[in-house]
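# my questions concern the predicted model and sequence given below.
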Amino acid sequence: MDPLTQGILGATVAQSILRSRQVRAISFAGLVGGLLADADVVIRSPDDSLLFLKYHRHFTHSLIFIPVGGLLAVLFCWPFLKSRLSFLKIYLATTSGYATHGLLDACTSYGTHLFWPFLSIRISWSVISIIDPLFTLPLLILCIITFIKRDRRWSRGAVIYAVIYLSIGIWQHSRVINQVEQLAQDRGHTITRTVAHPTIGSLVLWRTLYESNERLFVNGIRIAPWSSEVQIIPGDSIEKFIPEKNPLKFPTDSIAYFDTFRFYYFSDGWLAALESRQRFLIIGDMRYSMFPDSLMPIWGILVDPGYPHNHAEYINLREIKEGDISRYWKMVKGI
């Protein structure tokens, strides 16, 4: 999730759990705890632009790292809060805030190493978008009311709201997956696997992909929680990019070959080779796009076939054109 939501949820959970007159101090500690896991974004390399993809949402987001993360957050908070709260209360506040971070991130579709170092899989339940104002704003309002009134009932209401909202996301995800499977069956396709992701700020409009015969099929599905009406927004299909079968035939000991495997792992295999840019090949992560039915991803990597021993370059393919936002909201509204 975005940092604002992570911090708010961390503060809210800390507020709701700990009994103290120092609600504002507890809110601050929970906020710091809720944000700290994303400190992993500093793990970067000027020579390897894929390094941050490997370590973002990695060990700092693991369940086993929560007590350590809570302690690190105390070190930041201690100079500010030592006159108001005991070390134990600060630690409980930061740790409860920190505990929310990895779990909330796992509710999105990006992928989170919740069970590191025991399992290397990236957990992505895909029940909420990375940015969702309908989730964030009520939490923010209730958190602020708690901060002002020093009354935990408001923060507990916020936690209940968060649980209900995420539960609706789980239900919606299940409904969308059923629709994708039915759509593929109607087309006579045998599905190898499928994914569904809520689009930005909405549990109504979803981007879906399914794989059949090494092709990726993209479709948008609009289904409101309060309705049984389903609207299919048909997309197109594209051949799946498989590192072992790539047409560039990189040497197996080359950096480019290794980088395509790293990106394949990061994207859970939802890759496609796009148009060449001069002499470069663009390999896109098809899970994300500006529109639920589009074959143009928002990010990917740039590989130079002429220099297989150079690192691939991570690139942003997001391009907002005039009318795109209007078109997107029409899809959300079902117009």
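The structure has been received and is ready for your questions. Residues are numbered from 1 along each chain as shown.

# center of this protein, which residue is that?
Nearest to the geometric centre of the chain sits Tyr110, at 3.5 Å (C-alpha atoms, centre = their mean).

# can you confirm it is in a strand?
No - assignment of Tyr110 by DSSP: H, G, I helix; E, B strand; the rest coil gives coil, placing it outside any strand.

# where does this protein dip in pLDDT?
246-248, 276-279 (pLDDT under 70).

# could you identify the longest helix within it?
helix 152-187 (DSSP state H).

# quick one: list the elements packing against that one.
Counting by 3 or more C-beta pairs under 8 Å, 6 or more residues apart in numbering; DSSP states H and E, the packing neighbours recorded for helix 152-187 are helix 3-17, helix 133-149, strand 193-198, strand 205-212, strand 215-223, strand 230-239. Any C-beta I mention is one placed from the backbone N, CA and C, and that applies to glycine too.

# save these as TSV, and put in mean neighbour count too.
Formatted as TSV, the helices and strands packed on helix 152-187 follow (neighbours: other C-beta atoms under 10 Å):
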stretch	mean neighbour count
helix 3-17	25
helix 133-149	18
strand 193-198	20
strand 205-212	24
strand 215-223	21
strand 230-239	16
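
# Phe52 is nearest to which of these?
Closest approach to Phe52 among those (C-beta to C-beta): helix 3-17, 15.5 Å.

# so which strand or helix has Leu274?
Leu274 is part of strand 271-277 when elements are defined by DSSP states H and E.

# what residue in this protein is the furthest from its centre?
Max radial position in the chain (C-alpha atoms, centre = their mean) goes to Ser83, at 37.4 Å.

# ok, back up a step: contact partners for the residue nearest to the centre of the chain?
By C-beta atoms under 8 Å, 6 or more residues apart in numbering, Tyr110 lies in contact with 57, 122, 124, 130.

# likewise His173?
Counting by C-beta under 8 Å, 6+ apart, His173 touches 125-127, 196, 198, 206.

# adding distance to Leu51, write the residues you listed out as JSON lines.
Output for the contacts of His173, formatted as JSON lines (distance: C-beta to C-beta, whole Å):
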{"residue": "Trp125", "distance to Leu51": "26"}
{"residue": "Ser126", "distance to Leu51": "25"}
{"residue": "Val127", "distance to Leu51": "29"}
{"residue": "Ala196", "distance to Leu51": "29"}
{"residue": "Pro198", "distance to Leu51": "28"}
{"residue": "Trp206", "distance to Leu51": "31"}
